[in-house]
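Q: pasting the sequence and the predicted coordinates here, then a few questions.
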Amino acid sequence: MENYLNENFGDVKPKNSSDEALQRWRKLCWIVKNPKRRFRFTANLTKRSEAEAIRRSNQEKFRVAVLVSQAALQFINGLKLSSEYTVPEEVRKAGFEICPDELGSIVEGHDVKKLKIHGGTEGLTEKLCTSITSGIGTSEDLLSVRKEIYGINQFTESPSRGFWLFVWEALQDTTLMILAACAFVSLIVGILMEGWPIGAHDGLGIVASILLVVFVTATSDYRQSLQFKDLDAEKKKIVVQVTRDKMRQKISIFDLLPGDIVHLGIGDQVPADGLFLSGFSVLIDESSLTGESEPICVNVEHPFLLSGTKVQDGSCKMLVTTVGMRTQWGKLMATLSEGGDDETPLQVKLNGVATIIGKIGLFFAVITFAVLVQGLATRKLQDGSHWAWTGEELMSVLEYFAVAVTIVVVAVPEGLPLAVTLSLAFAMKKMMNDKALVRNLAACETMGSATTICSDKTGTLTTNHMTVVKACICGKARDVNCSDAARYLASSIPESAVRILLQSIFTNTGGEIVVGKGNKTEILGSPTETALLEFGLALGGDFQKERQASDVVKVEPFNSTKKRMGVVIELSGEHFRAHCKGASEIVLAACDKYINKDGDVVPLDEASTSHLNNIIEEFASEALRTLCLAYLEIGNEFSSEDPIPSGGYTCIGIVGIKDPVRPGVKESVAICRAAGITVRMVTGDNITTAKAIARECGILTDDGIAIEGPEFREKSEEELLKLIPNLQVMARSSPMDKHTLVRNLRTMFQEVVAVTGDGTNDAPALHEADIGLAMGISGTEVAKESADVIILDDNFSTIVTVAKWGRSVYINIQKFVQFQLTVNVVALIVNFLSACLTGNAPLTAVQLLWVNMIMDTLGALALATEPPQDDLMKRTPVGRKGNFISNVMWRNILGQSLYQLVIIWCLQTKGKTMFDIDSDLTLNTLIFNTFVFCQVFNEISSREMEKIDVFTGILKNYVFVGVLTCTVVFQVIIIELLGTFADTTPLNWSQWFVSIVLGFLGMPVAAALKMIPVGAH
């Protein structure tokens, strides 16, 4: 079976599957009882292609608008502009001078002429009653007026599906429709023959069973949809930084309003349509709107920023002009009818299993019906009454047909693929509580097969709470881990060196010191920037004073390729100075001078270089992150178009930043190792720092290899084959090094790779990996969008939790498949053999519908929602090549099925004499009751596929206990109270005892089976 599944249903990948692969498996699934339900959680390929066509059309229109605006820009300056715009009365009354439609048309159409008519960005700022420095007011009245005029930053969503829609979909089941038709005919014939109400019992029994199945199915599906809705809402939560009431603060993207001043940095998503106010080196990726892969340079001349686009480089302040459905992105979303997420490989495989079993079931159903009808026809031939058919005999034929249809109902395990979704929805909800947000459904199950985790260091293995604890200024290294030590350092070095150090810290930074709520001083920026700014304040520096003393002319933000950032400032008297900071050895290599102990600038000779390199090595060996700060006097000539010089700098000093290892990381790495998962550290830091941290975390072992990115890049394919298995640390790596490592692990070694990433440049590696893990706190929006799972607390221990839940999903589905296939096999063979050998079926249509519900919806609820056990992380991972239906499962299925068949066959052939039963109805009721209790105890045995102890943690799983209790209670009601509808009769105490004991004996049988050794695959 596994070979058949891999051959026909194995093309679908965890992500980025081709449309051909998705189309192919659908064509193979021709036995489907309810397509609407079966394919609910699969991609709608028709809608998807329609959406793609609309998107392409919109991109073309938008590209034309951009080209027209660029053409207009070339001669617009020579024209005399006159305004024909009239402000609507309600807008004027609200205190504004421009309406939302006019605002929207400026940015959407890149309308330079209109922008100029309204006085440029300054004019629009005034008309929107906002300030570039202070932002909008935050009083409730002012905000509500603004919302009333300009709208809110939310997109119109399609209404959620109500419960009755799920009931309607559950009714679309073809086999249930046929059974309903049988029930209707049975009702009419029964009432005509036996009168009301006796003649209606059989028909009403089937109708009641159908309604029960429909409502239980619909309830389960509806609850599942609510879980997915909650998760979708969580995915859309984005926080943006704005200035309001002179204070920099974080707000939800949904609270953004026209007039807001938004601060954007590398990797951010532009949250609304707006205009560039100020900033440096801003490149915007507009491919989501225009389809153009080349980034657009945004500046004062070309100030248009569009919602949904991404900041590829630089940083800026933006004025929000249009929000919500009025934005270009909002209009695009309104026209698209998304085709849903791709189905997961496990869903596809289980669709394959359902198809195989469905074909077998259909064959058995046809044979059973043929044998039953042939038996009746033979009896009539022997009686010589084959031309005269009574109503009772026609009712028997109808009953045989209902049994055959019900065999198909039981045989086609429609619940198998849906059990995956149920389990994934349950796991995703629980993982959300464990600080992991799953964006891609397949990531949940793929993470269970992960064999390698490539983790970042900063913020994932470490706390990301950085402080400068050591500094080497003017050639002397000192501890500066408290403010007193920093003040002592400032007093012990020349004043000129302190001045240049503070200027470097406060001007060459992506951070900011602002006054927040309650007049508290807040430091904003990345943890590295925050640590340096805190150090500057501890030295006695004044951020605002330093910033006002010079003008920033050009900024080159830090990126992981250059591993440094630079700034050029203009001092008084048109004198320019460049400041640079970054990876110590890279910045030091760009220096040819340094500041000595007297504060003088002297050439950097071999001895001084060696001394500074030893300091870097010393800091790094103490697991400190080292940064070198340097400056360069440029002179009087520099243009913002010129590149920042790359050499000739003067070294100011080296700082050592401590970023402690997170508590619990060492234990989590040990858990991964025990689970057969290799953890590799991939970092941009110095190799000595990386090795020190890796040893502290337990990642780097005695036989492990640590290598630097540039060296890794030079290796040939043969060298990589030998290197990668023992590679544990890669330092000074670029994003492409990470991408290369991931690709080679997946292709050369067939590993299932999980990768963490937080930066924009990590997107290729996150996309390439089997599971991309983005950081929720430090991660950019670009990284999050490329990821499959977002680690909300940036903690490595959470990644281990995700792996544990992934394994739990995989094993829970295996348990459910094992349980369901056992019921399938027994129900099919019992009815088939009975029909062939005795001429009647012991399990009626109503009884089979009840059995179907036990094994399908209720079974999935009980087994597919088991929480993970700690011992899951003591097993080896399944990896890429593992068989889903393992030998262990086949052993359990066949052994348990054989036991149940023997028991039921003995009851059918010897039951009357063994238990002194005189009626067929009582015997069939005993068989039905025993069969159900066999499934109840088999469900308990299925909690563990290999362990004999199946009771551990059973009482903690309330869903499991609830399902079992409901099953037993309802079984008692069916036997004792609903006999006329379910073709049963009340049993005495001894018969109940026999049913329960025979069912319970399946548990010792299951335990004995687990002792039989079988190969893993």
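A: Arrived safely, thanks for sending.
Q: for the rest of this, base every contact and every neighbour count on C-alpha atoms.
A: OK.
Q: for the helix or strand harbouring Pro710, packing partners?
A: Assessed by DSSP states H and E, Pro710 sits inside helix 709-713. Helices and strands touching helix 709-713, by 3 or more CA pairs under 8 Å, 6 or more residues apart in numbering; DSSP states H and E, are helix 735-747.
Q: what angle do the following helix or strand past the helix it packs on and helix 735-747 make?
A: Counting by DSSP H and E, the next helix or strand C-terminal to helix 735-747 is strand 753-757. Here the directions of strand 753-757 and helix 735-747 differ by 160 degrees (axes from the mean of the first three to the mean of the last three CA atoms, to 10 degrees).
Q: return the residues in contact with Gln869.
A: Ser808 (CA atoms under 8 Å, 6 or more residues apart in numbering).
Q: one more time with 10 Å, if that's ok
A: 804-805, 807-808, 952-953 (CA atoms under 10 Å, 6 or more residues apart in numbering).
Q: could you flag which of those are buried?
A: 804-805, 807-808 (16 or more other CA atoms under 10 Å).
Q: the domain parsing of the chain - what is it?
A: 90-157+257-322, 160-238, 345-427+803-1011, 436-462+662-794, 467-658 (the TED database).
Q: so for the last one, what's the average pLDDT?
A: Per-residue pLDDT over domain 467-658 has a mean of 88.
Q: just give me how far it sits from the chain centre.
A: 39 Å (CA atoms, centre = their mean, to the nearest Å).
Q: equivalent analysis for the longest one, please.
A: For domain 345-427+803-1011, the distance from its own C-alpha centre to the chain's C-alpha centre is 35 Å (CA atoms, centre = their mean).
Q: please renumber so the chain begins at 891
A: Okay, residue one is now 891; in that scheme the one you just asked about reads as domain 1235-1317+1693-1901.
Q: end to end, how far does that domain reach?
A: 31 Å (CA to CA, to the nearest Å).
Q: pLDDT (mean, whole number) over it?
A: 82.
Q: what of the shortest one?
A: For domain 1050-1128, the per-residue pLDDT values average out at 74.
Q: that domain: end-to-end distance?
A: End-to-end distance (CA to CA), domain 1050-1128: 22 Å.
Q: now swap in the fourth one and tell me
A: For domain 1326-1352+1552-1684, the separation between the terminal residues is 9 Å (CA to CA).
Q: re the thing from before, okay if I get the buried ones among the contacts of Gln1759 as a markdown table plus secondary structure?
A: Below are the buried ones among the contacts of Gln1759 laid out as a markdown table (DSSP: H, G, I helix; E, B strand; the rest coil):
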| residue | secondary structure |
| --- | --- |
| Lys1694 | helix |
| Trp1695 | helix |
| Arg1697 | helix |
| Ser1698 | helix |
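Q: ok, those vs Leu1101, which is closest?
A: For the buried ones among the contacts of Gln1759, the residue nearest Leu1101 by CA to CA is Ser1698; the value is 32.7 Å.
Q: quick one: residues contacting the closest residue to that closest one other than its chain neighbours.
A: Nearest residue to Ser1698 in three dimensions, chain neighbours excluded: Pro1758, at 5.1 Å (CA to CA, 6 or more residues apart in numbering). For Pro1758, the contacting residues are 1317, 1691, 1694-1699, 1701-1702, by CA under 10 Å, 6+ apart.
Q: repeat that for Asp1575.
A: So Asp1575 contacts 1347-1348, 1453, 1473-1474, 1510, 1514-1517, 1581, 1598, 1620-1623 (CA under 10 Å, 6+ apart).
Q: same thing but at 6 Å, please
A: 1621-1622 (CA atoms under 6 Å, 6 or more residues apart in numbering).
Q: likewise Val1106?
A: With CA under 6 Å, 6+ apart, Val1106 has no contacts at all.
Q: and whichever helix or strand Arg1368 is part of, what does it pack against?
A: Assessed by DSSP H and E, Arg1368 sits inside strand 1366-1369. The contact analysis (3 or more CA pairs under 6 Å, 6 or more residues apart in numbering; DSSP states H and E) places strand 1366-1369 against strand 1357-1363.
Q: and the strand it packs on, what does it pack against?
A: strand 1366-1369, strand 1539-1548.
Q: note down every partner strand of it and its orientation.
A: Strand pairing for strand 1357-1363, using DSSP bridges, gives strand 1366-1369 (antiparallel), strand 1539-1548 (antiparallel).
Q: got a list of contacts for the shortest one?
A: The contact list for strand 1366-1369 (CA under 6 Å, 6+ apart) reads 1359-1361.
Q: any idea how far Asp1761 is from His1192?
A: His1192 is 59 Å from Asp1761, by CA to CA.
Q: please apply the same query to Ala1897.
A: From Ala1897 to Asp1761 the distance is 19 Å (CA to CA).
Q: those two: which is more packed in?
A: Ala1897 (19 against 9; other CA atoms under 10 Å).
Q: what about the nearest residue in space to that one that is not next to it in sequence, how many residues nearby?
A: Nearest non-adjacent residue to Ala1897, counting by CA to CA, 6+ apart: Ile1838, 5.2 Å away. Using other CA under 10 Å, Ile1838 has 17 neighbouring residues.
Q: tell me the secondary structure at Ile1838.
A: coil.
Q: Arg1570 is nearest to which of the helices and strands packed on strand 1357-1363?
A: Closest among these, once you apply CA to CA, is strand 1539-1548, at 21.3 Å.
Q: buried sites along that closest one?
A: For strand 1539-1548, by 16+ other CA under 10 Å, it's 1539-1548.
Q: after that strand, heading C-terminal, what element do we hit next?
A: helix 1555-1564.
Q: chain center to that following helix, what's the gap?
A: The answer for helix 1555-1564 is 23 Å, by CA atoms, centre = their mean.
Q: could I get the helices and strands packed on strand 1357-1363 as CSV with distance to Gln1202?
A: Below are the helices and strands packed on strand 1357-1363 laid out as CSV (distance: least, CA to CA, whole Å):
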stretch, distance to Gln1202
strand 1366-1369, 38
strand 1539-1548, 27
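Q: who wins for proximity to Thr1028 among the ones you listed?
A: strand 1539-1548 (37.8 Å).
Q: CA atoms of that closest one as CSV?
A: These are the backbone C-alpha positions of strand 1539-1548, laid out as CSV (Å, rounded to 0.1, in the frame of the first residue of the first chain):
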residue,chain,number,x,y,z
TYR,A,1539,39.1,55.1,9.0
THR,A,1540,40.4,55.8,12.5
CYS,A,1541,39.5,53.2,15.1
ILE,A,1542,37.7,54.8,18.1
GLY,A,1543,37.4,51.6,20.1
ILE,A,1544,36.0,48.1,20.6
VAL,A,1545,33.0,47.2,22.7
GLY,A,1546,32.0,43.8,24.1
ILE,A,1547,28.3,43.2,24.4
LYS,A,1548,26.9,40.5,26.6
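Q: outside of it, which residues touch it?
A: Contact partners of strand 1539-1548, identified using CA under 6 Å, 6+ apart, comprise 1356-1363, 1481, 1483-1485, 1509, 1514-1522.
Q: what's the answer for stretch 1333-1342, then?
A: 1567-1569, 1641-1643, 1661, 1678, 1693, 1696-1697, 1700, 1767-1769.
Q: farthest pair within these?
A: It's Val1569 and Tyr1700 that sit farthest apart of these, by CA to CA, at 21.3 Å.
Q: buried residues in stretch 1732-1751?
A: 1732-1751.
Q: about what we covered before: buried residues, the helix or strand following the helix holding Pro1600. List them.
A: Per DSSP H and E, helix 1599-1603 leads on to helix 1607-1613 as the next helix or strand towards the C-terminus. By 16+ other CA under 10 Å, the buried positions in helix 1607-1613 come out as 1610, 1613.
Q: after helix 1607-1613, next one along is what?
A: strand 1617-1621.
Q: looking at the buried ones among the contacts of Gln1759, which one is closest to Val1715?
A: Ser1698 (25.7 Å).
Q: got the contact list for the residue nearest to Phe1823 when sequence neighbours are not counted?
A: Distances taken as CA to CA, 6+ apart put Gly1889 closest to Phe1823, at 4.8 Å, once the chain neighbours are dropped. Counting by CA under 6 Å, 6+ apart, Gly1889 makes contact with 1820, 1823-1824.
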